[in-house]
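[1] Curious how this folds, go ahead:
(one chain, ligands or ions: 1)
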Amino acid sequence: MNIYEETKFLMKKYQISANKNLGQNFLIENSVIQTIVDSANISKEDIVLEIGPGLGTLTKELLQKAKKVIAIELDEKMIQILTDRFCFYDNFELMNQDVLKVDLKKIIEKEQAHENHVKIVANLPYYITTPIIMKLLEEKLPITSITVMVQKEVADRLTAIPGQKDTGAITYCVYYYTEPSKVMIVPSSFFLPAPKVDSEVIHLKIRKKPPVVLKSEEMFFRIIKASFLQRRKTLANGLTNGGICSKNEAKQILEKMNLNENVRGENLTIEQFAQIANFLYEDKKI
Ligand code: SAM
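    Model prediction:
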């Protein structure tokens, strides 16, 4: 049975249809599963955290390669299927939880694994891609990489080079914490049901050390968020409207940095944002 037939078989056997509200688009192409697993570079020493295992297509491969797979799935219907399929594996742990609500650090720390051997792998539910990525990064989890499938357009944003095209606030966040790369584009026809847009697998390698030196991470991210809140506004307006500094202060900083007063946040490199944050931190000592 190939993956497509297996998916059809499981859905019929358990009388389920894909739940759109939970972002259920099941992968039905074997080569993609292989590429995800290969690019995550999983060994028998690795603990893998899988978000949204669904029917278990990717999980099955992960279980062959990893020391242990901890799968977090929200949909109770999937829990029944996953339990039936994998209860005989001694390296499988299943949690019926909302990934946005669980304490991932606690789950990982319980395994007492070295952070070089903890990896996150997922075909993410698209309706909550951004909050999941932000949670994985901001919680500073002891992990080595995140290998995930996301919508192609989102992949462009997550892996863009700060200051160049396709950037958003999340681009800077991803770049600050990781070295991002694209792995493969996945056509929508490789899913059941097919989503409206193509997808892409990306790999985020967690940095050991941030790419810029900051006096205050909090100030750095506040500034970035404020500058992208209203995309068409200038950086100076973003900082002022975000309540970070006065228009005059913003002007002075831009002058010090030889930047045009009409520059927009999306044109700034990560080093320039760091410089602004450090100037403002010195001024305000927040
Ligand atoms: N991994 C499977 C595959 O590749 O075929 C399914 C991927 S599907 C795109 C996303 C999965 O995430 C679904 O199984 C869905 O039920 C699950 N999910 C949705 N919201 C979730 C949440 N908040 N926490 C955990 N799992 C969630």
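
[2] Now do the phi/psi pair for whichever residue of the stretch 151-286 of the chain sits closest to the ligand.
    For the stretch 151-286 of the chain and the ligand, the shortest gap (CB to the nearest ligand atom) falls at Phe191, measuring 7.5 Å. Where you see a C-beta, it was placed from the backbone N, CA and C, and this is true even at glycine. Here is the backbone geometry of Phe191 (degrees, to the nearest 10): phi -120, psi 160.

[3] you'd agree it is up against Leu27?
    Yes. Counting by CB atoms under 8 Å, Leu27 is a contact partner of Phe191 at 6.1 Å.

[4] what about the strands in the stretch 51-200 of the chain?
    Along the stretch 51-200 of the chain, counting by DSSP state E, counting those that start in this stretch, strands occupy 68-73, 92-96, 118-123, 145-151, 178-186, 191-192, 199-206.

[5] What mean pLDDT does the longest one get?
    When you say that, I think you mean strand 178-186. Mean per-residue pLDDT for strand 178-186: 98.

[6] what's it packed up against?
    Under the contact definition 3 or more CB pairs under 8 Å, 6 or more residues apart in numbering; DSSP states H and E, strand 178-186 sits against helix 30-40, strand 145-151, helix 152-159, strand 199-206.

[7] List the pairing partners of the shortest one within its sheet, with orientation.
    On the basis of DSSP bridges, the sheet neighbours of strand 145-151 come out as strand 118-123 (parallel), strand 199-206 (antiparallel).

[8] and the angle for the last one with helix 30-40?
    Here the directions of strand 199-206 and helix 30-40 differ by 10 degrees (axes from the mean of the first three to the mean of the last three CA atoms, to 10 degrees).

[9] Strand 199-206 near the ligand at all?
    No. Strand 199-206 lies apart from the ligand when judged by CB under 6 Å from any ligand atom; the minimum separation is 9.0 Å.

[10] residues from the chain in reach of the ligand?
    22-27, 51-54, 57-58, 72-75, 78, 98-100, 123, 125, 128.

[11] related to what we said a few turns ago, among the strands paired with strand 145-151, which is nearest Ile42?
    Smallest distance to Ile42 across the strands paired with strand 145-151 (CB to CB): 6.4 Å, for strand 118-123.

[12] For the ligand, what's its nearest residue on the stretch 1-150 of the chain.
    For the stretch 1-150 of the chain, CB to the nearest ligand atom, closest residue to the ligand: Gly52, 2.2 Å.

[13] Tell me how far that residue lies from Arg231.
    Per CB to CB, to the nearest Å, Gly52 is found 30 Å from Arg231.

[14] Spit out the contact partners of the residue of the stretch 1-150 of the chain closest to the ligand.
    23, 72-74, 99, 122-125 (CB atoms under 8 Å, 6 or more residues apart in numbering).
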